[in-house]
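1. below: sequence and its predicted model.
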Amino acid sequence: MNSISILGKRLAPSAKTLRRSIQPVAQSIRHFSQTPNVANQPLNLFSFTEEENMFRDVVARYATEQVLPKVAEMDEKEHMFPEIIKGLFDNGLMGVEVDAEYGGANGSFVSAITVVEELAKVDPSVSAMCDIHNTLTNRCVSDYASKEIKEKYLTRLATDTVGSFCLSEAGAGSDAFSLATRAEDRGDHYVLNGSKMWISNSAEAEIFVVFANVDPSKGYKGITCFLVERGMGVEVAKKELKLGIRASSTCALTFDNVKVPKENVIGEVGKGYKYAIDILNEGRIGIAAQMIGLAQGVFNVTMPYLFQRKQFGQPIGQFQGMQFQYAQIATEIECARLLTYNTARMREQGLDFVKEAAMSKLYACQVAERTASKCIEWMGGIGFTREFPAEKFFRDSKIGSIYEGTSNIQLQTIAKAIAKQYSQ
Ligand SMILES: Cc1cc2nc3c(=O)[nH]c(=O)nc-3n(C[C@H](O)[C@H](O)[C@H](O)COP(=O)(O)OP(=O)(O)OC[C@H]3O[C@@H](n4cnc5c(N)ncnc54)[C@H](O)[C@@H]3O)c2cc1C
């Protein structure tokens, strides 16, 4: 029995008392529920299981002891150090939700989100690597691949091999399903031709989840998902030089007559678009977690300065003009966190979370950007230098409104859900 159901039992009133107390409420609810379906949304608690707290502790320790000393150097060199990647695997952070049968930690979705948030408090680049590996690559293989693929590849993904999720192309960004990479059926194998862009983790990856079209005449219904090994002929081009999350590799890939065995098709031929939509809806919760971690991380390193630095004879954090600003930001971070974890719980409970996932990502990245920007301002000149991590957090925050669906695309998703709800 989980902690929520134990709590539910403790709080349960007698059936008679409950009937009496809810009657007037039920009448009002009936009245309101004639109109849109708002009152019927179940509530989710912001509480953590023992397992989730354990993950949080392990990650927080790993992040502060192992990652923190390397953050600035990795950013400067635009390189994820191999020992950091090994540490992620050794601590079970690259297979959080993967079944124990395949070498994973068999953790909950909220545990995965917690890992992403904690890592981002220290380094959003390491968090990006871990998030994309867990919530996109592993998720796709775990949910849709055959047992044979899982035995061969998921065990590696959970224990020692980095993976990439390859959907975007030069001509297919927000309009991802206009992708041009082709997969031609040659009997017992497919031949892949085309290129991908912006692929995270690809400098380090050995395993690639690739979306390609087997029959462009069918449009997006030709999109199929393949598991491709680097050794099959994936060419990884030079890394992009980026504004933020610079230690996280982002490269273009080329497939030039890459032969992929038929048994490496993930799920069903022509269903790739559906898998991508489902995975990205969920992935957005991961990016929201990365952004709230980033916001909390920069807030935590900045706030002490406000009580050390004195101007006009008092700590700057005591001026009302400053107090109101950090009170506002702290409130926004809390709201973003509640929204994100609530969405993660909704997903765990099998509820429809698409609108809430878009809201979480949209809002969390706005809060992250605002927080990092404010933190720089609160520190004055020192905040603007590379001596202090606020400027890096600020640069890192910008990616939140771009990958896994830009902010406009999130707004579009939210608007569609609202329009559907109110136009029925
Ligand atoms: C660092 C980084 C890592 C990434 N990692 C991966 C990865 O691992 N795998 C992967 O597959 N992809 C990855 N991406 C790609 C990412 O998902 C895309 O960049 C993103 O979806 C936006 O696509 P685009 O860059 O082509 O922008 P575009 O789609 O060209 O958008 C440009 C602008 O137009 C706006 N716009 C587009 N369409 C609409 C519309 N219908 N209504 C309103 N506004 C619109 C957008 O909001 C945006 O402001 C990564 C990108 C970056 C920068």
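-> Yes, it's here.
2. residues touching whichever residue of the chain sits closest to the ligand, list them.
-> Nearest residue of the chain to the ligand, counting by C-beta to the nearest ligand atom: Gly173, 1.7 Å away. All C-beta spots, glycine's among them, are computed from the backbone N, C-alpha and C. Each residue near Gly173 by C-beta atoms under 8 Å, 6 or more residues apart in numbering is listed here: Trp198.
3. quick check: phi and psi on it?
-> Backbone torsions for Gly173, taken as degrees, to the nearest 10, come to phi -110, psi -100.
4. measure it to Leu179 for me?
-> 10 Å (C-beta to C-beta, to the nearest Å).
5. likewise for Gln412?
-> Separation of Gln412 from Leu179 (C-beta to C-beta) stands at 19 Å.
6. okay, and for the chain, where does confidence drop off?
-> 1-46 (pLDDT under 70).
7. dump the residue contacts of the residue minimising distance to the centre of it.
-> Residue closest to the average C-alpha location in the chain (C-alpha atoms, centre = their mean): Gly286, at 2.0 Å. Listed by C-beta under 8 Å, 6+ apart, the contact set of Gly286 reads Ala112, Ile113, Val116, Asp131, Ile132, Asn134, Thr135, Glu404.
8. C-terminal to the helix or strand containing it, what's the next element?
-> Taking DSSP states H and E as the definition, Gly286 sits inside helix 272-308. On the C-terminal side of helix 272-308, the nearest following helix or strand under DSSP H and E is strand 310-311.
9. so which helix or strand takes in Ile199?
-> Going by DSSP H and E, Ile199 is in strand 189-200.
10. so is that strand next to the ligand?
-> Yes: Strand 189-200 comes into contact with the ligand (C-beta under 6 Å from any ligand atom), by way of Trp198, Ile199, Ser200.
11. and that strand, how far from the chain's centre?
-> Averaging C-alpha positions (C-alpha atoms, centre = their mean, to the nearest Å) puts strand 189-200 23 Å from its chain's average.
12. show me which positions of that strand end up buried.
-> His189, Tyr190, Val191, Leu192, Gly194, Ser195, Lys196, Met197, Trp198, Ile199, Ser200 (16 or more other C-beta atoms under 10 Å).
13. using the three-state scheme, assign the residue nearest to the last one when sequence neighbours are not counted.
-> It stands for Ser200. Nearest non-adjacent residue to Ser200, counting by C-beta to C-beta, 6 or more residues apart in numbering: Ile132, 4.8 Å away. When classified by DSSP: H, G, I helix; E, B strand; the rest coil, Ile132 comes out as helix.
14. check contacts around Ile132.
-> Ser164, Phe165, Ser200, Asn201, Gly283, Gly286.
15. could the residues you listed be laid out in TSV, adding distance to Thr64?
-> Listed next are the contacts of Ile132 as TSV, based on distance: C-beta to C-beta, whole Å:
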residue	distance to Thr64
Ser164	28
Phe165	28
Ser200	24
Asn201	23
Gly283	26
Gly286	21
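16. widest-spaced pair of those?
-> Pairwise distances across the contacts of Ile132 (C-beta to C-beta) peak at 15.1 Å, for the pair Ser164 and Gly286.
17. near the ligand, which residues of the protein are found?
-> So far as C-beta under 6 Å from any ligand atom goes, the chain lies against the ligand at 132, 165-168, 173-174, 198-200, 242, 250, 399, 402-406, 408-409, 412.
18. quick one, phi psi at the closest residue to Phe177 other than its chain neighbours?
-> The shortest distance from Phe177 to any non-neighbouring residue, by C-beta to C-beta, 6+ apart, is to Tyr220 (4.0 Å). Tyr220 has phi and psi values of phi -60, psi -20 when expressed as degrees, to the nearest 10.
19. likewise Glu78?
-> Dihedral angles (degrees, to the nearest 10) for Glu78: phi 50, psi 50.
20. next: the one 3 residues further on.
-> With angles defined as degrees, to the nearest 10, Phe81 shows backbone torsions of phi -70, psi 140.
21. so who does it touch?
-> By C-beta under 8 Å, 6+ apart, the neighbours of Phe81 are Lys70, Glu73, Met74.
22. comparing Gln412 and Leu179, which shows the higher neighbour count?
-> Leu179 (26 against 14; other C-beta atoms under 10 Å).
23. surely the more buried one meets Pro216?
-> No: contact criterion C-beta atoms under 8 Å: Leu179 and Pro216 do not qualify, at 9.6 Å.
24. just the strands in the stretch 301-424 of the chain please.
-> In the stretch 301-424 of the chain, the strands defined using DSSP state E, counting those that start in this stretch lie at 310-311, 314-315.
25. can I get those in CSV with mean neighbour count?
-> Converted to CSV, those look like this (neighbours: other C-beta atoms under 10 Å):
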stretch, mean neighbour count
strand 310-311, 10
strand 314-315, 12
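26. related to what we said a few turns ago, which among the residues of the chain next to the ligand end up buried?
-> Of the residues of the chain next to the ligand, these count as buried by 16+ other C-beta under 10 Å: 132, 165-168, 173, 198-200, 242, 250, 399, 402-406, 409.
27. tell me which of these fall in helices.
-> Secondary structure from DSSP state H places Ile409 of those in helices.
28. ok, His133 - how many residues close by?
-> Residues near His133, counting by other C-beta under 10 Å: 30.
29. return the distance of it relative to Asp123.
-> 15 Å.
30. what of Gln421?
-> Gln421 is 39 Å from Asp123, by C-beta to C-beta.
31. for the closest residue to Gln66 other than its chain neighbours, list the residues it contacts.
-> Counting by C-beta to C-beta, 6+ apart, Gln66 lies nearest to Gly87, which is 5.1 Å off, once chain neighbours are set aside. Neighbour list for Gly87: Tyr62, Gln66, Val67 [criterion: C-beta under 8 Å, 6+ apart].
32. part of a strand, is Gly87?
-> No: looking at Gly87 with three-state DSSP, it is helix, so not inside a strand.
33. is it correct that Val367 is in contact with Ile292?
-> Yes: the criterion here is C-beta under 8 Å, and Val367 meets it with Ile292 at 7.2 Å.
34. now do the shared contacts for these two.
-> Ile333, Ala336.
35. more crowded one of the two?
-> Ile292 (33 against 27).
36. distance check, the more buried one against Arg395.
-> 18 Å.
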